[in-house]
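**Student:** pasting the structure only:
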């Protein structure tokens, strides 16, 4: 299938009569996320308002982005090295060691998202534009003019809004922390001054703001695409069943149309797996699991507000892990049910014999983790069991 421009996606923000598959809230925060940090060229991809599609920045901005991301990677390596030094220093307090240990997975995550964006920037542009084009075409041809938005797209709208607000708040808090704690070992000002001046604090805050803005921009590129495409896949997949609530009766009666939509979803999920499931999701699962164990351990070892904050962060990461993978597990569960319904139904049109032969070649949609295993509900339950039992065992042994 050719990769096309999204066409009339820009109209989805105001003049479209439907706004179902790409809601106003999703489009608003998608564009805000993609254009975040454009003043410092924090992203290689921007949303072009004149053409209403995502595209790569110009060649000189792409070179400037390469310089910016190199600086962010160097700072992340600097923090990792300082954290390892502090953790091996017996003269440091437990709270200092715990704080530096917390920064290790944080900045490792920044390196991973930078790597994912670096490897897939051209592919992400084509993938986003094709998803938007498909959503716009599907709405115009098959969705009734006045209908309610399905709950899954309302959830996606809330998720992208919460993601945008959370990342912006993280950038602000990390910048303020760099100004207040300029003498901390993870700050560059600690290299030349043990008692930082106002100028040193401003320099530390500026470096941290630049680094975290690069990290935030890469997160926006990945998470906004991940949430938007996931919601689109699940919403269209739901419409292929007999319980469809958005599409016209004409579409519901046509088996060939549904098969064409299924083939498009298969292509979309294939590119989805190549972008998100090869590096990002496996590393996200590993680092998230490490953070859950570490935050539980640190919360018991430390005292005061720091212990409560780390326990809260651990609980948040635990819930976020389970919600993310539960959401992706619905790809396999819902598509399996739709395929079974395809094969069991008898009300196909005149091409019934050809359709039944074609159905044998169809497989369920699924998020493949590096082509080794796929995400289903059983995998999510196994992950929850491992996190709970292993974290409890680790805490019992070390307390």
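**Tutor:** Sure, I can see it. Bear in mind the structure is a predicted one, so any value in this text is a computation, not a measurement. Residues are numbered from 1 along each chain as shown.

**Student:** Which residue is the nearest non-sequential neighbour of the most centrally placed residue in the chain?
**Tutor:** When CA atoms, centre = their mean is applied to the chain, the residue found nearest the centroid is residue 223 (2.5 Å). With CB to CB, 6 or more residues apart in numbering as the criterion, residue 223 has its nearest non-adjacent residue at 5.3 Å, and that residue is residue 163. C-beta coordinates here come from the backbone N, C-alpha and C atoms, glycine included.

**Student:** any idea which helix or strand comes after the one helix or strand the one you found maps to?
**Tutor:** Using DSSP states H and E, residue 163 falls within helix 151-180. Next in sequence after helix 151-180, counting helices and strands by DSSP H and E, comes helix 198-239.

**Student:** Counting by contacts, list what that next one packs against.
**Tutor:** helix 24-34, helix 59-87, helix 94-142, helix 151-180, helix 255-276, helix 305-344 (3 or more CB pairs under 8 Å, 6 or more residues apart in numbering; DSSP states H and E).

**Student:** Quick one: mean pLDDT for it?
**Tutor:** Across helix 198-239, pLDDT averages out at 91.

**Student:** what's the answer for stretch 95-107, then?
**Tutor:** For stretch 95-107, the mean per-residue pLDDT is 83.

**Student:** In that stretch, which residues are buried?
**Tutor:** Going by neighbour count (16 or more other CB atoms under 10 Å), the buried part of stretch 95-107 is 97, 98, 99, 100, 101, 102, 103, 104, 105, 106, 107.

**Student:** Including distance to residue 139, could these go into CSV?
**Tutor:** Converted to CSV, those look like this (distance: CB to CB, whole Å):
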residue, distance to residue 139
97, 54
98, 50
99, 49
100, 50
101, 48
102, 44
103, 45
104, 45
105, 41
106, 40
107, 41
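
**Student:** returning to what we had before: next up, the contacts around the residue nearest to the centre of the chain.
**Tutor:** 33, 160, 163 (CB atoms under 8 Å, 6 or more residues apart in numbering).

**Student:** Residue 181 versus the last one, what's the distance?
**Tutor:** For residue 163, the distance to residue 181 equals 26 Å [CB to CB, to the nearest Å].

**Student:** do the same with residue 91
**Tutor:** Using CB to CB, residue 91 is found at 19 Å from residue 181.

**Student:** Also residue 343?
**Tutor:** 61 Å.

**Student:** Between the two, which is the more surrounded one?
**Tutor:** The neighbour count for residue 343 versus residue 181, taken as other CB atoms under 10 Å, is higher for residue 181 (17 against 12).

**Student:** Not counting sequence-adjacent ones, nearest residue to that one?
**Tutor:** residue 187 (6.9 Å).

**Student:** The helices and strands packed on helix 198-239 into TSV, with extra columns for distance to residue 199?
**Tutor:** TSV is the format used below for the helices and strands packed on helix 198-239 (distance: least, CB to CB, whole Å):
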stretch	distance to residue 199
helix 24-34	33
helix 59-87	19
helix 94-142	24
helix 151-180	11
helix 255-276	42
helix 305-344	29
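
**Student:** Give me the nearest residue to residue 128, chain neighbours excluded.
**Tutor:** With sequence-adjacent residues excluded and distances taken as CB to CB, 6+ apart, residue 128 is closest to residue 54, at 4.8 Å.

**Student:** follow-up on the earlier one: between the buried residues of stretch 95-107, which sits nearest residue 135?
**Tutor:** Closest approach between the buried residues of stretch 95-107 and residue 135, by CB to CB: residue 106, at 34.1 Å.

**Student:** just to revisit the earlier point, of all the helices and strands packed on helix 198-239, which lies closest to residue 50?
**Tutor:** helix 24-34 (13.1 Å).

**Student:** for whichever helix or strand comes after the closest one, packing partners?
**Tutor:** Using DSSP H and E, the helix or strand that directly follows helix 24-34 along the chain is strand 45-48. When contacts are defined as 3+ CB pairs under 8 Å, 6+ apart, strand 45-48 sits against helix 24-34, strand 53-56, helix 94-142.

**Student:** Tell me how far residue 27 lies from residue 140.
**Tutor:** Distance, residue 27 to residue 140, using CB to CB: 16 Å.

**Student:** again, but for residue 243
**Tutor:** Using CB to CB, which is the criterion applied here, residue 243 is 22 Å from residue 140.

**Student:** Those two: who's more crowded?
**Tutor:** A count of neighbours by other CB under 10 Å puts residue 140 above the other of residue 243 and residue 140, at 14 against 11.

**Student:** returning to that earlier point: what about the residue nearest to residue 128, how many residues nearby?
**Tutor:** 26.

**Student:** so what's it bridging to?
**Tutor:** Beta-bridge partners for residue 54, by DSSP bridges, are residue 47.
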